[in-house]
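Q: Sequence first, predicted coordinates after that:
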Amino acid sequence: MYAIRQHEFGPAENLRYEEVPNPDPGLGQVRVAVEAAGVHLLDTAIRQGTSGGPFPLPDLPMTPGREVAGVIESAGPDVDPTWLGRRVVAHLGWASGGYAELAVVPVESLHVLPDGMAADAAVAMIGTGRTAMGILEVAGLKADDVLLVPAAAGGLGSLFVQAGRNAGATVVGLAGGPRKVEQVAALGADVAVDYLQPDWPEQVQKALGPDVGVTVVLDGVGGDVGRATLDLFGVGGRLVMFGWSAGAVTPITTEDLLPKGLSVTWIGPRIIRRPGGLRPLETAALAEAASGRWVPLVGQHFPLASAAAAHKALESRATVGKTVLVP
């Protein structure tokens, strides 16, 4: 089979398309013929060797990739043979071989694909969808909320826009550039604004009205954009932080919180140590997509051999929604 192999940490060019032996499923495992593999911004950090995640960097050489969907073509000696031929999706773990034509997956990680769900939509839900579910579980959106979503055209942000709309909240979506702003409006945001424009906070406040404050911000961007959202909060607002794609965490002090009684939650430990684990979040995310309440925004499809180009597109913020590799 062919797979992406990485022999040293560093730039995207270190992702090499190589022929390797087919992996054999062991006890409690199946082998999946991969139809789609998800690509995540975290994958680029692992590739660089600079990941700030909760787990150690993988040993090299390795095949990256944490999300796959496809058809089970073989099974380990102790696995129920009725799994054979079923279309499934799975999250593989930290950096566990998803960028490949074939992937070995523990049975306990498998979810059978809902009828009619495409493989690319499934990989958008199994990782990004479960993260969105965990963040929304903490945010507790209500119909009277005014939700602000930075990076609303991204994989997570596009789901937040839909979740806010489904909850009956007023949704403000920020995105970089006219094309992405149009996409955010099409997702159902009440207000869609280009955060590359220097007066974007004024545009948001004008659209909401002078006496309307934001009640919830789901911040995975950080930096100057995250900082600017603080001025848009009303009294008792809730800031839920889960990342810093801008390169730095939103700078915040107790002096920023006290005047309006704001609360801040850093989501990382809440998801990692969630009672009951992450599988229920995966199941819930897939159910949202199967019901049509969430339509995952799948942007670019790259051939497996072009994994380096996919990483570069993510790092340059040239993508919309979920990025997928197709063997």
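A: Sure, I can see it.
Q: Which positions in the longest strand along the chain come out as buried?
A: In the chain, assigned by DSSP state E, the strand with the most residues is strand 29-39. The neighbour-count criterion (16 or more other CB atoms under 10 Å) identifies 29, 30, 31, 32, 34, 35, 36, 37, 38, 39 as the buried residues of strand 29-39. For glycine as for every other residue, the C-beta is placed from the backbone atoms N, C-alpha and C.
Q: packing partners for that strand?
A: Taking 3 or more CB pairs under 8 Å, 6 or more residues apart in numbering; DSSP states H and E as the contact definition, the neighbouring helices and strands of strand 29-39 are strand 67-75, strand 87-91, strand 102-106, helix 119-123, helix 307-315, strand 322-326.
Q: After it, which helix or strand is next?
A: helix 41-48 (DSSP states H and E).
Q: Could you give the separation of that following helix from the chain centroid?
A: Counting by CA atoms, centre = their mean, to the nearest Å, helix 41-48 is centred 13 Å from the centre of its parent chain.
Q: what angle sits between it and strand 322-326?
A: Taking axes from the mean of the first three to the mean of the last three CA atoms, to 10 degrees, one finds helix 41-48 and strand 322-326 inclined to each other by 60 degrees.
Q: picking that back up, and among the helices and strands packed on strand 29-39, the most buried is which?
A: Burial of the helices and strands packed on strand 29-39 is given as mean neighbour count (mean count of other CB atoms under 10 Å); helix 119-123 ranks first at a mean of 27.
Q: Adding mean pLDDT and distance to residue 167, write the helices and strands packed on strand 29-39 out as JSON lines.
A: Converted to JSON lines, those look like this (pLDDT from 0 to 100; distance: least, CB to CB, whole Å):
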{"stretch": "strand 67-75", "mean pLDDT": "97", "distance to residue 167": "26"}
{"stretch": "strand 87-91", "mean pLDDT": "96", "distance to residue 167": "26"}
{"stretch": "strand 102-106", "mean pLDDT": "96", "distance to residue 167": "34"}
{"stretch": "helix 119-123", "mean pLDDT": "94", "distance to residue 167": "22"}
{"stretch": "helix 307-315", "mean pLDDT": "94", "distance to residue 167": "29"}
{"stretch": "strand 322-326", "mean pLDDT": "94", "distance to residue 167": "22"}
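Q: So for residue 252, which of those sits nearest?
A: For residue 252, the closest of these is helix 307-315, at 25.7 Å, according to CB to CB.
Q: Show residues contacting that closest one.
A: Helix 307-315 is contacted from outside by 4, 12-15, 17, 39-41, 43-44, 47, 64, 99, 300, 302, 319, 323, 325, using CB atoms under 8 Å, 6 or more residues apart in numbering.
Q: Mind giving me the ChimeraX command for buried ones among these?
A: Of those, the buried ones can be selected in ChimeraX as follows, counting by 16+ other CB under 10 Å:
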select :4,12,14,15,39,40,41,43,44,47,64,99,300,302,319,323,325
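Q: I'd say residue 232 and residue 203 touch.
A: No - Residue 232 sits out of contact with residue 203 when judged by CB atoms under 8 Å, with a separation of 10.8 Å.
Q: can you pull the contacts of whatever residue is furthest in space from the centre of the chain?
A: In the chain, counting by CA atoms, centre = their mean, residue 77 sits farthest out from the average C-alpha position, at 34.1 Å. For residue 77, the contact set (CB under 8 Å, 6+ apart) comprises residue 27.
Q: What ranges does the stretch 201-327 of the chain have for its helices?
A: In chain order, the stretch 201-327 of the chain shows helices spanning 223-229, 254-257, 268-272, 279-291, 307-315, with DSSP state H, counting those that start in this stretch as the criterion.
Q: packing partners for the first one?
A: Secondary structure elements in contact with helix 223-229, counted by 3+ CB pairs under 8 Å, 6+ apart, are helix 200-208, strand 214-219.
Q: Same list (the ones you listed) but as a markdown table, adding mean neighbour count, distance to residue 150 and mean pLDDT.
A: Output for the helices and strands packed on helix 223-229, formatted as a markdown table (neighbours: other CB atoms under 10 Å; distance: least, CB to CB, whole Å; pLDDT from 0 to 100):
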| stretch | mean neighbour count | distance to residue 150 | mean pLDDT |
| --- | --- | --- | --- |
| helix 200-208 | 16 | 10 | 97 |
| strand 214-219 | 25 | 6 | 98 |
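Q: Those: which one's closest to residue 180?
A: Distance to residue 180, taken as CB to CB, is lowest for helix 200-208 among the helices and strands packed on helix 223-229, at 12.9 Å.
Q: how far does the lowest-mean-pLDDT helix or strand in the chain sit from the chain's center?
A: Evaluated with mean pLDDT, DSSP states H and E, the helix-and-strand set of the chain has its lowest mean pLDDT in helix 268-272, which scores a mean of 74. Taking CA atoms, centre = their mean, one finds the center of helix 268-272 at 15 Å from the center of the full chain.
Q: Send me it as CSV with only the CA atoms.
A: Provided in CSV are the C-alpha atoms of helix 268-272 (Å, rounded to 0.1, in the frame of the first residue of the first chain):
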residue,chain,number,x,y,z
GLY,A,268,-8.8,21.4,27.3
PRO,A,269,-8.9,19.5,30.6
ARG,A,270,-12.7,19.5,30.6
ILE,A,271,-12.8,17.4,27.4
ILE,A,272,-9.8,15.2,28.1
